[in-house]
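Engineer: Return atomic coordinates for the entry below.
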Amino acid sequence: MPPTETRELTDPARQHAARSGPRPVRLHLWRPAGTRDPRPTVLVSHGTGGSAGQMDWLAEPLARAGFLVAAVDHHGNNHVDGYLATQFAALWERARDLSFVLDHLARGNELGPVGAAGFSAGGYTAAALLGARISEERYRAMLDLKVPVPEVPEYPGLIGEIRRLPDAVLHSWPMTAAADYSDWRVECAFLICPGAGPLIDENSLERINRPVAVRWGDADDVTVPEENARHYARFIPGTDARSVGFDVAHYDFLGSEPRGGKIRVEVASEAVAFFTRHVGAPFP
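Structural biologist: So this is what the prediction gives:
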């Protein structure tokens, strides 16, 4: 089912990445049956260059189970509106998008207990809401090309374009990237093929004290499990972690891919059980 409602919001605390004006935050809501508020809420973050609509395979089962699902199209990093190089590199803006959404829902008394889920870069986003932090030194080394930087399939030549930004921007970004973007309202997170693993400060993962589940496919050659999903699972205490198949690839988790249909149903069912256990049983 499509989202129940879409809201075109703007965050006045942040700038549009390509022109004057506030940052757009397009919010998609999948509402459960009934009208009682507040409902237990699950935030959903899509992968790099994706969209909220590609996560309908996860949003729909959660809504049927009684959760309010809130997903966004991350500005400049979604295929609906087009790509901006800065928004592929500014990973921290994703977590800020979701905290902004929580503020918005709270003002309308729509916000119940909260969990977060995400795929690929969205998996990092969900982890960041619990306290995962980027290493300033590793992010700087990436910008300075002192470490190998893999191409982003959705944006070939990204690092070269980023390197052409003003020096003042490149100098400030590592400190901004390494800041704390956790949100105390988020009680747990479900990470699907999470990305950005090589950039993450392991000490920040070790300090996470809220429930986390991690799922991945062993055939993922985009967010390679050993450097990403297994890395999160290795350092976050008590993680519920497992591979969902030796032949499961990264893009099998996109709703438009017929090949991964069975796996997506399986993982969505596990996510429903996870959030029911850790965010609280939905209201009838």
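
Engineer: show me the contacts for the nearest residue to L111 once chain neighbours are set aside.
Structural biologist: Spatially, and ignoring its direct neighbours in sequence, L111 is nearest to L105 (4.1 Å; C-beta to C-beta, 6 or more residues apart in numbering). Yep, even glycine has a C-beta here, placed from its N, CA and C like the rest. Each residue near L105 by C-beta atoms under 8 Å, 6 or more residues apart in numbering is listed here: T41, L68, A70, L111.

Engineer: Quick check, the last one in contact with V101.
Structural biologist: What that stands for is L111. No. Using C-beta atoms under 8 Å, L111 is not in contact with V101, being 9.2 Å away.

Engineer: Doesn't the residue nearest to L111 belong to a helix?
Structural biologist: Yes. According to DSSP: H, G, I helix; E, B strand; the rest coil, L105 belongs to a helix.

Engineer: Find me the pLDDT at it, would you?
Structural biologist: According to the prediction, L105 has pLDDT 96.

Engineer: so who does C193 touch?
Structural biologist: 47, 119-120, 123, 215-217, 220, 222-223, 225, 228-229, 250, 253.

Engineer: Cross these against strands and list the overlap.
Structural biologist: Cross-referencing the contacts of C193 against strands under DSSP state E gives F119, R215, W216.

Engineer: Okay, now the unreliable bits of this protein?
Structural biologist: 1, 35, 281-284 (pLDDT under 70).

Engineer: what's the single longest helix in the protein?
Structural biologist: helix 261-278 (DSSP state H).

Engineer: how far away is the most centrally placed residue in the chain from T239?
Structural biologist: Taking C-alpha atoms, centre = their mean, the centroid of the chain lies closest to G122, which sits 2.0 Å from it. Distance, G122 to T239, by C-beta to C-beta, to the nearest Å: 17 Å.

Engineer: Could I get the full set of helices for the stretch 1-150 of the chain?
Structural biologist: For the stretch 1-150 of the chain, the helices defined by DSSP state H, counting those that start in this stretch occupy 56-64, 85-89, 92-107, 121-130, 136-143.
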